[in-house]
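Participant: The following comprises the amino acid sequence and a computationally predicted model.
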Amino acid sequence: MIRVHVFVEGQTEETFVREVLSPHFLLRHIYLNPILVRTSATGKGGVVTYAKIKPQLDRKCREDSNSFITTMFDFYRLPQDFPGKNSLPPTSDPLQKAAYIEQQMAQDIGFPQFLPNIIVYEFEGLLYSNPQAFLAWFDQGVVDQLHAEREVFPSPEHINDGATTAPSKRILKWCPGYEKPLHGSLIAIDIGLDTIRQQCQHFDEWLTRLEAIR
């Protein structure tokens, strides 16, 4: 069984890895182990600075050299000290920007088994893969608004990272009762991994890389 340690920002992503991604990968004899990043000696969750994250990645690469290490960090509000954040290529394509950050992280960590991944722009963007899944929790009016917003963009991963227009901010605007730890992973489960992969190219490329591990 191949082991892949997945460093995640929060409990929602941890649940998503365990309940949505893990069953898919177990069929391929790949075991995913979600790890909630530490922000202090006692605190967990959230990417505060790269300076706090890098030692955790380094340590796991060294202590389990027979496994692979990856990440599930949001591009939205990614700390400025992340490798490549201050030298992004002059492009409006968020997928290229995320790929550049990943390349820079891989170079900085320097372990061949480290396969970084950045979510474009954030976890909630994946939920725009099928807004109809929100109907289990919210009314049709909410679903219609989310559908309308989704249609403005080429893909869920292109929904921008503005302070008031990022995917999570848009969802909260129409769904004031949305609670990420409660609704996020459940809605993702209802959408299904296949649909998310079809809608989200960068996310699909990450899973394809993991599936190719031998």
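Facilitator: It's in.

Participant: Helices of the chain, residue ranges please.
Facilitator: 11-16, 22-26, 50-63, 94-109, 123-127, 140-151, 167-174, 185-191, 193-199, 201-211 (DSSP state H).

Participant: Pop the domain breakdown of this protein in here.
Facilitator: Per the record, the chain has its domains at 2-121+196-211, 123-194, by automatic domain parsing.

Participant: what number of residues lie near the residue lying closest to Gly192 once chain neighbours are set aside?
Facilitator: Leaving aside its sequence neighbours, Gly192 sits nearest to Asn130 (Cβ to Cβ, 6 or more residues apart in numbering; 7.9 Å). Heads up, the C-betas are built off the backbone N, CA and C, glycines and all. Each residue near Asn130 was counted by other Cβ atoms under 10 Å, and the total is 22.

Participant: what do you get for Thr15?
Facilitator: Quick note: Thr15 (other Cβ under 10 Å) scores 18 neighbours.

Participant: could you measure it against Leu186, distance?
Facilitator: Separation of Thr15 from Leu186 (Cβ to Cβ, to the nearest Å) stands at 9 Å.

Participant: Name the residues contacting each of these two.
Facilitator: Counting by Cβ atoms under 8 Å, 6 or more residues apart in numbering, no residue touches both Thr15 and Leu186.

Participant: and Trp174, how far is that from His147?
Facilitator: Counting by Cβ to Cβ, the gap from Trp174 to His147 is 11 Å.

Participant: er, Arg28 I mean
Facilitator: Applying Cβ to Cβ to Arg28 and His147 gives a distance of 33 Å.

Participant: Might one say that the residue nearest to Gly192 is in contact with Ala188?
Facilitator: No. Between Asn130 and Ala188 there is no contact under Cβ atoms under 8 Å: 9.8 Å.

Participant: just for the chain, where's the confidence low?
Facilitator: 41-43 (pLDDT under 70).

Participant: Could you export stretch 129-145 as CSV, CA atoms only?
Facilitator: Written as CSV, here are the backbone C-alpha positions of stretch 129-145 (Å, rounded to 0.1, in the frame of the first residue of the first chain):
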residue,chain,number,x,y,z
SER,A,129,-19.1,22.2,-9.8
ASN,A,130,-22.8,21.5,-9.2
PRO,A,131,-24.7,24.2,-7.3
GLN,A,132,-27.8,22.0,-7.4
ALA,A,133,-26.2,20.0,-4.5
PHE,A,134,-27.0,23.0,-2.3
LEU,A,135,-30.7,22.2,-2.6
ALA,A,136,-30.4,19.6,0.2
TRP,A,137,-29.6,22.4,2.6
PHE,A,138,-30.9,25.6,1.0
ASP,A,139,-33.9,26.7,-1.1
GLN,A,140,-34.2,26.8,-4.9
GLY,A,141,-33.6,30.6,-4.9
VAL,A,142,-30.1,30.1,-3.5
VAL,A,143,-29.4,27.4,-6.0
ASP,A,144,-30.5,29.6,-8.9
GLN,A,145,-28.2,32.4,-7.7
